[in-house]
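[1] 3D, please:
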Amino acid sequence: MTNTSTPPSPARRPNFLLIMTDQQRADHLGAYGNQVVQTPHLDQLALNGFQADRCYVASPACMPNRASLLTGRMPSVHRARHNGIPLSLSEVTFVERLRDAGYRTGLVGKAHLQNISGFPAIWPPATSTATQGEARRPENGRFDQEWGPHWRTDPAHDVSLPFYGYEKVRLVVDHGDTATGHYRRWLEQHHPEVAALTGPEAALPTPDYVLTRVKQAWRTQVPEALSTTSYIGQQTRSMLSDCVGENQPFFLQCSFPDPHHPFTPPGRFWDMYQPEEMALPSSFDSPAHDLPPHLAWMYAQRAAGKAVKHTPAMFAANEREVREALALNYGSITHLDEEIGRILQHLDHLGVLDNTVVIFTSDHGDFFGDHQLLWKGPIHYQGLIRVPLIWSDPAATPQRSDTLCSTIDLAPTILERAGCVAHNGLQGISLLPCIERQEALSRPAILVEEETQRTLFNLPGRLRMRTLQTARHRLSIYDGAQWGELYDLENDPHERINLWDDKQTSALRQELLHQLAKTLISYTDTSPNPSALA
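    Coordinates of the predicted model:
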């Protein structure tokens with residue numbers, strides 16, 4: 001939506017605080033119906049704001065979806081299609097637009113817009129066997145700014161400011177208590193005795209936890225007050241104080257790397273929830289017959305002892321692994337919620353809460369036992385592609401909405417709320433009509449894209465897929481596969497019955513495929529505008 005209204009006066013332009021977590025599904029919050037995990041501060045934020053019940057990611061992986069959030073564009077358009085491809089420095093972010101409009105901008109925590117491992121560049125080296133040349137030339141600019149090895153070995157390594165529009169940055173790179181970036185330098189400088197106790201080798205013994213054996217969890221000796229979550233909270237409060245003192249509107253992003261695995265919830269948060277008390281999801285007992293081919297492939301890998309459990313990639317899990325993951329995930333989330341409560345209290349103490357829009361979301365979800373799977377991967381069950389979205393705005397009436405929203409909608413919504421005119425090439429739509437006036441959005445479906453570096457499910461080549469999510473149905477298709485997925489979420493909310501080959505729904509399948517084709521056309525790039533080249 002293009003905003004042609006007169007921008008508000010600088011004195012009354014709203015501030016923005018975007019709070020983001022990593023790999024947190026929507027239903028792992030009390031506000032979204034979870035009756036186990038304790039999240040009182042986020043629940044109150046949702047009660048006082050706009051809570052989107054149907055917010056979907058542009059891609060259920062870190063780098064592509066984080067890039068989509070910043071650009072308001074789909075991964076196939078901004079070209080960071082999967083993890084390992086940095087966001088081009090030529091892409092315009094909404095943070096840059098806010099900075100150009102006079103906003104102070106800052107980031108505390110995880111960015112993951114550039115590679116943290118693999119190659120510290122936008123392309124592999126020319127000598128690498130990973131490529132025989134590319135259709136595009138390498139870009140100029142620094143693409144090593146988040147690269148973990150540099151942060152660990154070079155004391156002078158740092159980001160170049162402004163970093164994708166952020167003029168102040170306190171970076172946390174990677175997950176668990178071994179995270180690096182500015183956090184690790186701070187810990188080594190001020191608490192070297194604690195820095196020496198990080199990692200699974202220094203962890204407290206937990207013989208009953210099977211996830212510790214594959215280093216997907218360990219009981220850290222780092223105290224609560226020195227964890228990455230607490231550090232990000234402290235740095236966020238400090239940056240908020242600085243921003244308020246500058247007497248200009250601000251946009252600040254507070255980005256936690258938790259509750260992403262490996263799980264290292266500190267202190268009391270490790271055993272706040274017991275694995276034995278965790279309930280398995282409804283879809284854990286999937287039928288043994290008529291399994292979708294990809295799910296059958298995952299189960300076969302497990303049965304053959306080939307399930308890879310020590311990487312970030314998904315695997316078919318057993319009951320104990322799922323219960324442990326849930327308990328440790330909940331502990332991490334409650335730790336986050338407590339820190340978020342301190343940040344919100346500090347906003348109130350600074351006297352700017354009544355003119356600050358507080359936004360909460362996550363970059364993607366996690367299976368957490370759905371259909372016996374853990375982590376994330378190219379099977380678009382709701383727990384993976386649906387994320388929380390809370391918009392707490394002093395100028396808006398609180399409400400709960402089931403309108404279809406996307407990660408790419410945040411950029412145009414923030415820009416419009418700040419009084420900035422939307423720029424050409426934005427693919428999301430502003431949610432302000434829904435937030436402020438409770439108007440329905442004219443959007444029949446959401447597009448979710450995913451591409452991976454891996455070959456899976458016996459498909460030829462790297463896996464590529466697209467999902468069409470409507471108010472009632474999910475349709476997913478895979479490149480190179482004759483099969484697909486079609487679920488009726490109204491009658492089958494846990495996605496247990498794949499209707500793709502059901503003769504009674506063949507007309508519906510064709511209708512949704514046609515809708516997907518039209519949606520794909522609508523998301524082709526419009527930048528640059530041809531009129532600008534005439």
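
[2] determine the longest helix present in the chain.
    Longest helix in the chain by number of residues, with DSSP state H as the criterion: helix 319-350.

[3] what's the first helix or strand after that helix?
    strand 356-362 (DSSP states H and E).

[4] so what strands line up beside the following helix or strand past that following strand?
    Per DSSP H and E, the first helix or strand lying C-terminal to strand 356-362 is strand 373-374. In the sheet, strand 373-374 lines up against strand 315-316 (antiparallel) (DSSP bridges).

[5] residues making contact with the strand it pairs with?
    Contacts with strand 315-316, where a contact means Cβ atoms under 8 Å, 6 or more residues apart in numbering, come from 298-299, 301-302, 307-309, 372-375. Where you see a C-beta, it was placed from the backbone N, CA and C, and this is true even at glycine.

[6] which of the residues you listed count as buried?
    The neighbour-count criterion (16 or more other Cβ atoms under 10 Å) marks 298-299, 307, 309, 372-375 among the contacts of strand 315-316 as buried.

[7] max pairwise distance over the residues you listed: which two?
    The largest separation in these, counting by Cβ to Cβ, is between Tyr299 and Trp375 at 15.7 Å.

[8] any idea how far Asp337 is from Pro262?
    Distance from Asp337 to Pro262, counting by Cβ to Cβ, to the nearest Å: 20 Å.

[9] for Cys55, same thing?
    Shown here: Cys55 relative to Pro262, a distance of 26 Å by Cβ to Cβ.

[10] those two: who's more crowded?
    It is Cys55, of Cys55 and Pro262, that has more neighbours when counted by other Cβ atoms under 10 Å, with 25 against 21.

[11] verify the stated contact: that one with Ile408.
    No: using Cβ atoms under 8 Å, Cys55 is not in contact with Ile408; the gap is 10.8 Å.

[12] need the overlap of contacts for the two.
    Joint contacts of Cys55 and Ile408 (Cβ under 8 Å, 6+ apart) do not exist.

[13] dump the buried ones among the contacts of strand 315-316 into JSON lines; add pLDDT as well.
    Shown next, in JSON lines, are the buried ones among the contacts of strand 315-316 (pLDDT from 0 to 100):
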{"residue": "Met298", "pLDDT": "93"}
{"residue": "Tyr299", "pLDDT": "94"}
{"residue": "Ala307", "pLDDT": "93"}
{"residue": "Lys309", "pLDDT": "95"}
{"residue": "Gln372", "pLDDT": "97"}
{"residue": "Leu373", "pLDDT": "97"}
{"residue": "Leu374", "pLDDT": "98"}
{"residue": "Trp375", "pLDDT": "96"}
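
[14] list just the nearest of these to Gln221.
    Nearest to Gln221 out of these is Lys309 (Cβ to Cβ; 24.1 Å).

[15] burial measure for Asp100, as a count.
    Using other Cβ under 10 Å, Asp100 has 11 neighbouring residues.

[16] state the distance from it to Tyr166.
    The gap separating Asp100 from Tyr166 is 13 Å, by Cβ to Cβ.

[17] again with Glu319
    Taking Cβ to Cβ as the measure, Glu319 falls 43 Å from Tyr166.

[18] looking at those two, which one has more neighbours?
    Each of Glu319 and Tyr166 has its neighbours counted (other Cβ under 10 Å); Tyr166 has more, 25 against 13.

[19] so who does that one touch?
    Shown in contact with Tyr166 (Cβ under 8 Å, 6+ apart): 95, 105-107, 253.

[20] what do you get if the cut-off is 7 Å, keeping everything else the same?
    Residues in contact with Tyr166 (Cβ atoms under 7 Å, 6 or more residues apart in numbering) are 95, 105-107.

[21] avg pLDDT for stretch 108-127?
    Stretch 108-127 carries an average pLDDT of 83.

[22] hmm, who's touching that stretch?
    Contacts to stretch 108-127, defined as Cβ under 7 Å, 6+ apart, come from residues 22, 62-63, 66-67, 84, 86-87, 130-131, 134, 138-139, 143-148, 150, 164, 170-174, 232, 235-236, 239, 254-257.

[23] what's the PyMOL line that selects buried ones from these?
    Command for PyMOL that selects the buried part of the contacts of stretch 108-127, burial taken from 16+ other Cβ under 10 Å:
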select buried, resi 22+62+63+66+67+84+86+87+143+144+145+146+147+148+150+164+170+171+172+173+174+232+235+236+239+254+255+256+257
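
[24] in this protein, which residue is most central in space?
    Nearest residue to the geometric centre of the chain (Cα atoms, centre = their mean): Asp363, 0.7 Å.

[25] from Gln510, how far out is it?
    Distance, Asp363 to Gln510, using Cβ to Cβ: 33 Å.

[26] low-confidence regions, this structure specifically.
    Scanning the chain for pLDDT under 70 picks out 1-11, 123-132, 287-289, 532-534.

[27] which stretches of the stretch 351-500 of the chain form helices?
    Listed in chain order, the helices of the stretch 351-500 of the chain (DSSP state H, counting those that start in this stretch) span 382-385, 410-417, 432-437.

[28] Met239 falls within a strand, correct?
    No: counting by DSSP: H, G, I helix; E, B strand; the rest coil, Met239 is located in no strand; its state is helix.

[29] wait, it sits on Gly106?
    Yes: assessed by Cβ atoms under 7 Å, Met239 is found in contact with Gly106 at 4.9 Å.

[30] what's the overlap in contacts for the two?
    168, 252.

[31] how about the strands of the stretch 1-150 of the chain, start to end?
    With DSSP state E, counting those that start in this stretch as the criterion, the stretch 1-150 of the chain has strands at 15-21, 50-56, 104-109.

[32] which one of the ones you listed lies nearest to Ser286?
    strand 50-56 (22.7 Å).

[33] which residues touch the closest one?
    By Cβ under 7 Å, 6+ apart, strand 50-56 touches 31, 385-391, 396, 399-406, 435, 446, 448, 469.

[34] now swap in stretch 512-530 and tell me
    With Cβ under 7 Å, 6+ apart as the test, stretch 512-530 has contacts from 74, 77, 424-425, 427, 444-445, 447, 466, 468, 473, 475, 486.

[35] can I get those residues in JSON lines with neighbour count?
    Formatted as JSON lines, the contacts of stretch 512-530 follow (neighbours: other Cβ atoms under 10 Å):
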{"residue": "Met74", "neighbour count": "26"}
{"residue": "Val77", "neighbour count": "22"}
{"residue": "Asn424", "neighbour count": "13"}
{"residue": "Gly425", "neighbour count": "17"}
{"residue": "Gln427", "neighbour count": "24"}
{"residue": "Pro444", "neighbour count": "12"}
{"residue": "Ala445", "neighbour count": "21"}
{"residue": "Leu447", "neighbour count": "21"}
{"residue": "Arg466", "neighbour count": "20"}
{"residue": "Leu468", "neighbour count": "23"}
{"residue": "His473", "neighbour count": "21"}
{"residue": "Leu475", "neighbour count": "24"}
{"residue": "Leu486", "neighbour count": "23"}
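
[36] show me which pair in those residues is furthest apart.
    Across those (Cβ to Cβ), the longest gap, 35.0 Å, separates Asn424 and Leu486.

[37] got the contact list for Ala195?
    187-188.

[38] ok, now the one 3 residues further on?
    Neighbour list for Thr198: 177-178, 220, 222 [criterion: Cβ under 7 Å, 6+ apart].

[39] just the closest of these to Ala279, please.
    Compare each of the contacts of Thr198 with Ala279 using Cβ to Cβ and the shortest gap goes to Thr220, at 26.3 Å.
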